[in-house]
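> predicted model and sequence follow; I will ask about them next.
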Amino acid sequence: MSSKNARADSLSLLLFTLRSGKLMAINLLKVSEIIPCPPLTRLPESHPHVKGVATLRGNSLSVIDLSRAIGEMPLLDPSGGCLIVTDISRSKQGLHVQGVSKIVHCLTTDIRPPPYGAGIKSFITGVTQVDGSLVQVLDIEKVIHGIAPAPIEASHETLDEDDAQLLAQANILVVDDSQVALQQSMLTLRNLGIHCHTARSAREAIDRLLELQGTAEQINVLVSDIEMSEMDGYALTRTLRETPDFKDLYVLLHTSLDSKMNSEKAKAAGANAVLTKFSSPELTQCLIRAARAVAGQAY
C-alpha cells in the first residue's frame, strides 16, 4: 500500500466572499440554508465574535461575525450580506458573510493541504483552484471552538477496571485535518489515561500505519475524520480494507456532520462505526466498544 495512491470521492463546495473579496468555501453538506441577514438581537456579555441572535422559524440562531472570527476586516455594511446557516457538530449557527458566489463540484484529491507556513492561527483546512482562482476551505470547527469550545467531560474515574485495562491495550491513531478537532479527541484520550498517535491527513495516517506495523505500537484502532482534503475518511477506509495488513483494523469514522446521514456510506466503505463530533462521553463509549472488539470480546 502506498500513501501516494489516494482514492477520490466527489465533494460539493459552497463558495462565498468576505470584505476582501477573496473566495472561501465550506463543504455543502455542512450548510442547511442561505438567507439574507435578518434583524439581530444583541445579547449582553456575549462573545465579541457573535453579532447577535436571529429568530429562524421560531428557533434562536446565534450569528457569528465570520470576518472578525478569522481576523478579517469587518463588512462595509454590518447589516447587509447574508447568512450561511450551518448544521455541524450537533449545533446550528449562522455565518455572516459578504455574499455567496456559487456551488462547485470537485474531487477530494483536488483539495490540497494549506500552504506550508500557514501557521496554527490559520482558519483553513485546505485550498483548491476554481476557474483559475485560489479558494480557501474554511475550518468551521476552529471558528466555532474559538467561540464555544466543546466540553471535555470524560475522565479516567468514569471507567471500570476492565474497560480501563482494555483501553490501555489499544493502540490508537487519530486522524483529523482540523487542529482543533484533533486536540479535542486527544484531550479526551488523555483524560482516559491513553496515549495515542496522530496524523493530519489520510496520507500521513497511512505512512504512520506502515511505520508502526509489526512493532509493539502497531495500530489496532483508527479514529478518522471524514471531511479531509486530498483523501477523505471513506477513501482511507476503502484503501485499508483492500490492504491485507489492515483489512481487519477497527475503523471509527468521526464526523462533524450528522452521523445518521453518513452511516450507510461509512458501512459501504468498510468502517466499523461512525460518530458525530463532539461528545467526549460518546467518543469514550465508542473507544471502549472498539477495544472490546480488538480484544475479541462481544460488544
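Arrived safely, thanks for sending. Numbering: from 1, shown residues only.
> for this structure, what helix or strand is lowest in average pLDDT?
helix 259-269 (a mean of 81; mean pLDDT, DSSP states H and E).
> ok now that helix, how far from the chain's centre?
16 Å (CA atoms, centre = their mean, to the nearest Å).
> please apply the same query to stretch 234-246.
Computed by CA atoms, centre = their mean, the chain-centroid distance of stretch 234-246 equals 20 Å.
> in it, which residues are buried?
Residues 234-240, 246 are the ones in stretch 234-246 that count as buried (16 or more other CB atoms under 10 Å). In short, each C-beta sits where N, CA and C put it, glycine included.
> repeat for stretch 178-198
178-186, 188-189, 191-192, 194, 196-198.
> domains in the chain, by residue range?
10-147, 156-294 (automatic domain parsing).
> so which of the ones you listed is the most surrounded?
When you average the neighbours per residue for each of the domains of the chain (mean count of other CB atoms under 10 Å), domain 156-294 leads with a mean of 19.
> which residues does Q98 contact?
Contacts of Q98 were listed using CB atoms under 8 Å, 6 or more residues apart in numbering, and they are 16-19, 21, 75, 81.
> so which of those residues is the closest to S224?
Proximity of the contacts of Q98 to S224 (CB to CB) peaks at F16, which lies at 27.4 Å.
> helix or strand right after the helix or strand where that closest one lies?
Assigned by DSSP states H and E, F16 belongs to strand 10-17. Sequence order places strand 23-27 as the next helix or strand after strand 10-17, per DSSP H and E.
> show me the helices in the stretch 151-299 of the chain, by range?
161-169, 179-191, 202-212, 233-241, 259-269, 280-294 (DSSP state H, counting those that start in this stretch).
> please report how far T86 lies from Q98.
17 Å (CB to CB, to the nearest Å).
> just confirm I34 is within a strand.
Yes. Membership of I34 in a strand is supported by DSSP: H, G, I helix; E, B strand; the rest coil.
> quick one: it and G81 touch, right?
No. Contact between I34 and G81 fails when scored by CB atoms under 8 Å: they sit 10.8 Å apart.
> the residue nearest to H49 when sequence neighbours are not counted: what's it in contact with?
Spatial nearest neighbour of H49, chain neighbours left out: A69 (4.4 Å); criterion: CB to CB, 6 or more residues apart in numbering. Taking CB under 8 Å, 6+ apart, we find A69 in contact with 49, 123, 143, 146-147.
> beta partners for F16?
Counting by DSSP bridges, F16 forms beta bridges with M24, V100.
> my read: it touches M24, true?
Yes. In this structure F16 lies within contact range of M24 using CB under 8 Å: 5.8 Å.
> mind listing what the residue nearest to A266 when sequence neighbours are not counted touches?
Computed as CB to CB, 6+ apart, the closest residue to A266 that is not its neighbour in sequence is V274, at 4.2 Å. The neighbours of V274, taking CB under 8 Å, 6+ apart as the test, are 252-255, 259, 262-263, 266-267.
> any chance of JSON lines for these, columns distance to D225?
Below are those laid out as JSON lines (distance: CB to CB, whole Å):
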{"residue": "L252", "distance to D225": "11"}
{"residue": "L253", "distance to D225": "8"}
{"residue": "H254", "distance to D225": "6"}
{"residue": "T255", "distance to D225": "7"}
{"residue": "S259", "distance to D225": "12"}
{"residue": "N262", "distance to D225": "11"}
{"residue": "S263", "distance to D225": "16"}
{"residue": "A266", "distance to D225": "12"}
{"residue": "K267", "distance to D225": "17"}
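> and the two most separated of those residues?
Top of the distance list for these (CB to CB): H254 and K267, 15.2 Å.
> need the pLDDT of N191.
In this model, N191 is scored at 87, pLDDT.
> next: L76.
pLDDT, L76: 84.
> repeat that for Q129.
94.
> gap between it and L75?
Counting by CB to CB, the gap from Q129 to L75 is 26 Å.
> same deal with L15?
17 Å.
> and P115, by the same measure?
Taken as CB to CB, the span from P115 to L75 is 26 Å.
> one more: F278?
With CB to CB as the criterion, F278 and L75 are 29 Å apart.
> re the thing from before, out of the buried residues of stretch 234-246, who's nearest A202?
The shortest gap between A202 and any of these belongs to L236, at 4.1 Å (CB to CB).
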